[in-house]
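Engineer: got a sequence here, can you model it:
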Amino acid sequence: MAASLGACKKNDDVAPSRIEMLTAKNWRVSAETVTVAYNNKTTTTDAYAAMKACERDDFTKFNVNKTYTDDQGPSKCDPSDPQTNSGNWDFNGDQTKLTIADPAHPSNLTSFDIVTLSATTLHLRLSQTNNSTTPPTTYTADVTFTAF
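Structural biologist: Now for the predicted structure:
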């Protein structure tokens, strides 16, 4: 009898899928830098340090149905702003990019490279080059979220 019970042991070593990790918890920004590369010079700014306390308590909830909700958190910077805004999200085919639709303009899509996605950390990167400057200027935003 004991041998047959051991054969039915549940496999707890199965890693959660990327969708399961993204949708399991709320995500709050815990670090953000912006790097500007222009004319062989690179400057990185700590954008998180410049955030107000009322911005640092904001969070995002990604849902399995590929919608998300941005929540202003306990302290809103402007009391007249809505508490939440919702939009849509999606992964690309190999789940290395996260695309977010702007709630105010759903056709305005932003695709982030997923640097890290674990049960506790979501690190996204957005890099854009402005070719209208001579030489071109590249802007790179690195945003790290912590699950809670």
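
Engineer: going forward, measure contacts between C-alpha atoms and count neighbours the same way
Structural biologist: Noted.

Engineer: what's the next secondary structure element after the lowest-mean-pLDDT helix or strand in the chain?
Structural biologist: Lowest mean confidence among the helices and strands of the chain (mean pLDDT, DSSP states H and E): helix 2-6, at a mean of 46. The helix or strand immediately downstream of helix 2-6 is helix 18-23, counting by DSSP states H and E.

Engineer: now do that following helix: distance to the chain's middle.
Structural biologist: Distance of helix 18-23 from its chain centroid, counting by Cα atoms, centre = their mean, to the nearest Å, is 11 Å.

Engineer: please renumber the chain so that the first residue is 51 from this point on.
Structural biologist: Yes, from this point I'll number from 51; that puts the last item at helix 68-73.

Engineer: contacts made by that helix with the rest, please.
Structural biologist: 111-114, 145, 167-169, 172 (Cα atoms under 8 Å, 6 or more residues apart in numbering).

Engineer: can you add secondary structure and give the residues you listed back as CSV?
Structural biologist: Shown next, in CSV, are these (DSSP: H, G, I helix; E, B strand; the rest coil):
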residue, secondary structure
111, strand
112, strand
113, coil
114, coil
145, coil
167, strand
168, coil
169, coil
172, strand
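
Engineer: burial count for residue 145?
Structural biologist: Applying other Cα atoms under 10 Å, we find 12 residues neighbouring residue 145.

Engineer: same deal with residue 169?
Structural biologist: Using other Cα under 10 Å, residue 169 is surrounded by 19 other residues.

Engineer: that one touches residue 198, doesn't it?
Structural biologist: No. The criterion here is Cα atoms under 8 Å, and residue 169 misses it with residue 198 at 9.7 Å.

Engineer: against which helices or strands is the top strand by length along the chain packed?
Structural biologist: Counting residues, the longest strand found in the chain (DSSP state E) is strand 76-88. Of the remaining helices and strands, those touching strand 76-88 by 3 or more Cα pairs under 8 Å, 6 or more residues apart in numbering; DSSP states H and E are strand 91-96, helix 97-100, helix 103-106, strand 109-112, strand 187-197.

Engineer: with only the CA atoms kept, save that strand in CSV.
Structural biologist: Output in CSV follows, covering the C-alpha atoms of strand 76-88 (Å, rounded to 0.1, in the frame of the first residue of the first chain):
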residue,chain,number,x,y,z
ASN,A,76,0.2,43.1,-8.3
TRP,A,77,3.3,44.9,-9.6
ARG,A,78,4.8,48.1,-8.2
VAL,A,79,7.7,50.1,-9.7
SER,A,80,10.8,49.6,-7.5
ALA,A,81,13.5,51.1,-9.9
GLU,A,82,13.6,53.1,-13.1
THR,A,83,16.4,54.5,-15.0
VAL,A,84,16.5,56.4,-18.3
THR,A,85,19.7,56.4,-20.4
VAL,A,86,20.3,58.8,-23.2
ALA,A,87,23.0,58.0,-25.8
TYR,A,88,24.0,60.9,-28.0
